[in-house]
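**Q** Structure, please.
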Amino acid sequence: MPEQPDQGLARHQRLTRSSLFRETYDAGEKQVGRLMVLYVRRGEGAALRLGVVASRKVGNAVARARARRLLRESYRRQRHRLHGEVDVILVARAALLAAEWPTVMGDLEALLKRAGLV
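**A** From the prediction side, this is the model:
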């Protein structure tokens with residue numbers, strides 16, 4: 001059986017500090033999809049890390065947690081295809097929770113292509 005690339009998402013592969021989120025938001029690169037919004041920060045200090053956000057507009061705490069899990073998993077499955085030193089933030093939109101899994105993956109892939117990461 002061929003060896004699969006590491007698809008885990010360890011702590012050092014995630015954005016954890018609010019200052020890193022702020023820098024990524026301020027970088028100005030934003031792609032808007034039907035189910036999510038993608039923010040990208042390129043340059044010094046970027047290391048293919050992920051931040052996930054689901055605001056109260058998405059729903060109650062259970063719905064927000066599910067939205068974050070969906071975004072994390074879709075990114076995790078695409079991460080091995082990405083290139084470049086970038087930090088990525090995915091922001092859930094309310095439509096994410098009603099979408100089928102292939103639609104979620106398709107929306108993320110389209111955003112990544114538009115951002116030039118794939």
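**Q** is it true that Tyr25 touches Tyr39?
**A** Yes. Using CB atoms under 8 Å, Tyr25 is in contact with Tyr39, at 5.9 Å. In short, each C-beta sits where N, CA and C put it, glycine included.
**Q** Overlap in contacts, the two.
**A** Here Tyr25 and Tyr39 have Ile89 as joint contacts, going by CB atoms under 8 Å, 6 or more residues apart in numbering.
**Q** For those two, indicate the residue with more neighbours.
**A** Set Tyr25 next to Tyr39 and count neighbours by other CB atoms under 10 Å: Tyr39 wins out with 21 against 16.
**Q** Let me know how buried Leu82 is, in neighbour terms.
**A** Neighbours around Leu82, by other CB under 10 Å: 14.
**Q** Check the gap between it and Arg49 for me.
**A** For Leu82, the distance to Arg49 (CB to CB, to the nearest Å) stands at 11 Å.
**Q** which stretches of the protein form strands?
**A** Counting by DSSP state E, the chain has strands at residues 29-32, 36-42, 49-53, 86-92.
**Q** For the first one, enumerate the helices and strands it packs against.
**A** Think strand 29-32. Applying 3 or more CB pairs under 8 Å, 6 or more residues apart in numbering; DSSP states H and E, we find strand 29-32 packed against strand 36-42.
**Q** Report all helices and strands that the strand it packs on contacts.
**A** helix 18-26, strand 29-32, strand 86-92, helix 101-114.
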